[in-house]
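# dropping the sequence and predicted coords here.
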Amino acid sequence: MDHNANYYHWLTNANAEIVEELRSYSEKDIEDSFYKNLSFGTGGLRGTIGAGTNRMNVHTVGKASQGLSDYLNKT
């Protein structure tokens, strides 16, 4: 999914507070917030707090937590 498709997915599925934040984004903000998934590095998850797949938020932390849980359940 490209960054615009990710943006519109969030825009149509988020609560009112997040939608308000998303609507304030410039095209540059949209691209930077949605062009990739926030990666887990040597220091854990680090990034700007906000809405988007490349931002620290409840969704990205939840996704990382689910991944860790899945890994632990396999071992």
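Received it, and whenever you're ready, just let me know what you need. Numbers count the residues shown, from 1 in each chain.
# let me see the ranges of the helices in the protein.
For the chain, applying DSSP state H gives helices covering 3-13, 16-23, 27-34, 58-74.
# so what's the gap between the least confident helix or strand in the chain by mean pLDDT and the chain middle?
Least confident helix or strand, the chain: strand 40-41 with a mean of 86, by mean pLDDT, DSSP states H and E. Its chain's C-alpha centre and that of strand 40-41 lie 14 Å apart, by Cα atoms, centre = their mean, to the nearest Å.
# mind listing the strands that strand pairs with, and their directions?
strand 44-45 (antiparallel) (DSSP bridges).
# residues in contact with the partner strand: which ones?
With contacts defined as Cβ atoms under 8 Å, 6 or more residues apart in numbering, strand 44-45 is touched by Leu38, Met56, Thr60, Val61, Ala64. No exception for glycine: its C-beta is placed from N, CA and C like everyone else's.
# filter those down to the buried ones.
Leu38, Thr60, Ala64 (16 or more other Cβ atoms under 10 Å).
# no further questions, thank you.
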